[in-house]
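Peer 1: Here is my input, please return the structure:
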Amino acid sequence: MFLLNFKKQIFTLLFATVIISTVLIHKHDKETTFPPQKLPPQIIFNQPPQKLPPQIIFNQPPQKLSPQKTNTTLETGNSYCSQYHTPCEEGYKFENEFNSHTKKYAAPPPKKRHVLTLPYQDFYGWFAHWQRNIFSVSAIQACSDRCDLVYDEHQKADAVLFIMKKTSDFEAYHQVVLNVEPYAFLEGEFYASYFPSALYPVSYAFSETHVNPDDIFENNTKSWYDVFTSYSPRIKRESAAGVAWLSKSCDRHHNYLQRLARFISIDFYGPCFNNKDEIYEFPHLANAHRGLRKLEIGSHYKFYISLENTIIPHYVSEKFYQGFLQDSLMVYLGAPNADEYQPAQHSFINALHFESPERVGNYLAYLLHHPEKYQEHLSWKTDFLINQNLKPSPGFLNAIENSFERTDERSILCRICNKLSF
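Peer 2: Okay, the predicted model is just below:
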């Protein structure tokens with residue numbers, strides 16, 4: 001009996017010891033447990049990806065180097081820069097996170113091309129004017145880094161530029177015929193013409209004037225109001241006729257003018273129906289260029305008549321663009337879609353919108369007797385004065401941009417060079 005009690009006491013003591021030990025261990029662990037440590041940012045899970053330093057970003061477009069940092073010998077075999085001792089304008093820098101050195105790659109500039117020019121030999125008038133503009137010093141210098149002009153037919157060239165028509169066949173990469181006359185035949189895509197679908201669209205914008213398309217389009221040296229009032233006379237001479245027309249011939253529009261003159265009084269300057277002496281009326285213009293004489297004489301009248309020699313879509317010559325520089329309202333007979341090229345709505349009178357010359361004459365007489373209606377046609381010029389941010393229509397701006405008067409980056413020569421270089 002005594003032995004049985006002793007065993008029970010030993011068992012109870014052991015059980016109590018285990019319980020006490022367990023409690024003490026649990027309490028000690030609880031007191032000595034550290035709070036959870038934050039993992040380093042680079043191994044945090046379920047977090048948005050952290051941005052790596054720029055030099056080890058993958059799948060990114062190559063970074064462009066500034067020109068001064070790429071004047072080094074290339075490691076890729078493109079030795080253009082080192083050969084000609086010129087800095088590469090474009091370079092690309094790649095850094096490998098496993099390599100300590102940096103490799104620089106640079107693309108060589110576009111290959112310089114040679115353009116053979118074969119001017120039209122029997123040129124005169126407009127043709128000579130084209131010649132002077134296309135091959136002017138300014139136009140050649142504007143793209144001298146891409147093209148060289150050559151004049152020897154036996155020298156190999158990347159392109160051949162013909163004036164007016166092809167004079168012979170050449171095995172060149174690119175053959176371009178420049179012809180902005182209405183009878184120009186579009187020989188495929190290699191053509192510079194007034195037609196909008198031509199590979200090189202060309203316009204007559206501001207030809208035979210003192211307005212430089214380079215300045216007004218790129219440098220914005222003049223406001224549009226100043227451009228459109230370039231030939232406003234200081235003292236406007238009031239004429240009883242109110243309508244003027246000046247031309248060296250009237251073979252194509254003899255009947256139209258004769259019919260129009262029955263319904264509105266017209267002052268005719270020149271050999272056609274001459275009833276005004278230009279030298280007597282404007283002696284200071286005796287030695288002036290014909291285009292400038294037309295602009296100033298027309299500015300002294302309420303209306304100035306401008307007639308195209310050929311009436312076909314898209315063909316709008318200098319006769320159209322000059323009319324917007326005058327201090328008068330132009331009456332235009334020409335391209336059926338001439339409205340697409342006007343600087344603003346209702347900025348001229350399209351004679352093709354009327355059924356006959358009689359209707360045109362009656363409308364002009366109506367405007368002469370209703371000055372407020374006449375001013376509505378000229379209000380667009382005042383809009384450019386009031387709103388300095390106002391710009392002409394897209395069609396008019398495109399015509400200026402593609403004018404063959406351009407001698408900058410938009411010149412015919414530079415546009416051809418740009419196409420050849422890339």
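
Peer 1: any weak-confidence spans in the stretch 201-350 of the chain?
Peer 2: 217-222, 234-235, 238-240 (pLDDT under 70).

Peer 1: If we use 90, what do you get?
Peer 2: 201-202, 204, 206-241, 246-254, 270-274, 277-299, 309-310, 326-327 (pLDDT under 90).

Peer 1: could you pull out the helices for it?
Peer 2: Residue ranges of the helices in the stretch 201-350 of the chain, as given by DSSP state H, counting those that start in this stretch, are 213-214, 224-228, 254-260, 278-281, 290-298, 318-322.

Peer 1: Can you tell me what sits against the fifth one?
Peer 2: The list of residues contacting helix 290-298 from outside it, by CB atoms under 8 Å, 6 or more residues apart in numbering, reads 207-210, 231, 233, 244, 246, 248, 269, 278, 281-282, 285, 288, 304, 318, 322-323, 325-326, 328. From N, CA and C alone the C-beta is placed, and that goes for glycine too.

Peer 1: Deepest-packed of the helices of the stretch 201-350 of the chain, please.
Peer 2: Comparing these by mean neighbour count (mean count of other CB atoms under 10 Å), helix 318-322 ranks first with a mean of 24.

Peer 1: Show me what that helix is packed against.
Peer 2: helix 290-298, strand 303-307, strand 329-333 (3 or more CB pairs under 8 Å, 6 or more residues apart in numbering; DSSP states H and E).

Peer 1: could you dump those to CSV with distance to Glu405?
Peer 2: Formatted as CSV, the helices and strands packed on helix 318-322 follow (distance: least, CB to CB, whole Å):
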stretch, distance to Glu405
helix 290-298, 12
strand 303-307, 18
strand 329-333, 20
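
Peer 1: can you tell which of these is closest to Ser265?
Peer 2: The closest of the helices and strands packed on helix 318-322 to Ser265 is strand 303-307. By CB to CB, the value is 10.7 Å.

Peer 1: State the paired neighbours of that closest one in the sheet, together with their directions.
Peer 2: strand 243-246 (parallel), strand 329-333 (parallel) (DSSP bridges).

Peer 1: Those strands: which one's closest to Tyr341?
Peer 2: From these, taking CB to CB, the stretch that ends up closest is strand 329-333, at 10.3 Å.

Peer 1: got the contact list for that closest one?
Peer 2: Against strand 329-333 from outside (CB under 8 Å, 6+ apart): 243, 253, 256, 302-308, 311, 319-320, 323-324, 338, 348-352, 360, 364, 367, 374, 377-378.

Peer 1: These, buried ones only, as a ChimeraX selection?
Peer 2: If you want just the buried ones from the contacts of strand 329-333 in ChimeraX, going by 16 or more other CB atoms under 10 Å, the selection is:
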select :243,253,256,302,303,304,305,306,307,308,311,319,320,323,324,338,348,349,350,351,360,364,367,374,377
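
Peer 1: hmm, back to that, of the helices and strands packed on helix 318-322, which is nearest Tyr183?
Peer 2: Tyr183 lies closest to strand 303-307 among those, at 17.5 Å (CB to CB).

Peer 1: right, and Val115 touches Phe162 too?
Peer 2: No: if you go by CB atoms under 8 Å, Val115 and Phe162 don't touch, sitting 11.3 Å apart.

Peer 1: Using just helix, strand and coil, how would you label Leu378?
Peer 2: helix (DSSP: H, G, I helix; E, B strand; the rest coil).

Peer 1: how much space between the closest residue to Lys166 other than its chain neighbours and Leu149?
Peer 2: Closest residue to Lys166 apart from its sequence neighbours, by CB to CB, 6 or more residues apart in numbering: Val177 at 6.0 Å. Distance check for Val177 against Leu149: by CB to CB, to the nearest Å, it reads 17 Å.

Peer 1: More neighbours: the two, which one.
Peer 2: Using other CB atoms under 10 Å as the criterion, Val177 and Leu149 rank with Val177 on top: 23 against 17.

Peer 1: State the pLDDT value of the more buried one.
Peer 2: Here, the pLDDT recorded for Val177 equals 83.

Peer 1: Pro392 too?
Peer 2: Model confidence at Pro392, given as pLDDT, is 92.

Peer 1: and it, what does it touch?
Peer 2: Trp224, Pro343, Ala344 are the contacts of Pro392 under CB under 8 Å, 6+ apart.

Peer 1: Could you rerun that using 10 Å?
Peer 2: For Pro392, the contact set (CB atoms under 10 Å, 6 or more residues apart in numbering) comprises 224, 227-228, 324, 341-344, 347, 380, 384, 398-400.

Peer 1: what's the answer for Ala288, then?
Peer 2: Ala288 neighbours (CB under 10 Å, 6+ apart): Phe282, Lys294, Leu295, Glu296, Ile297.
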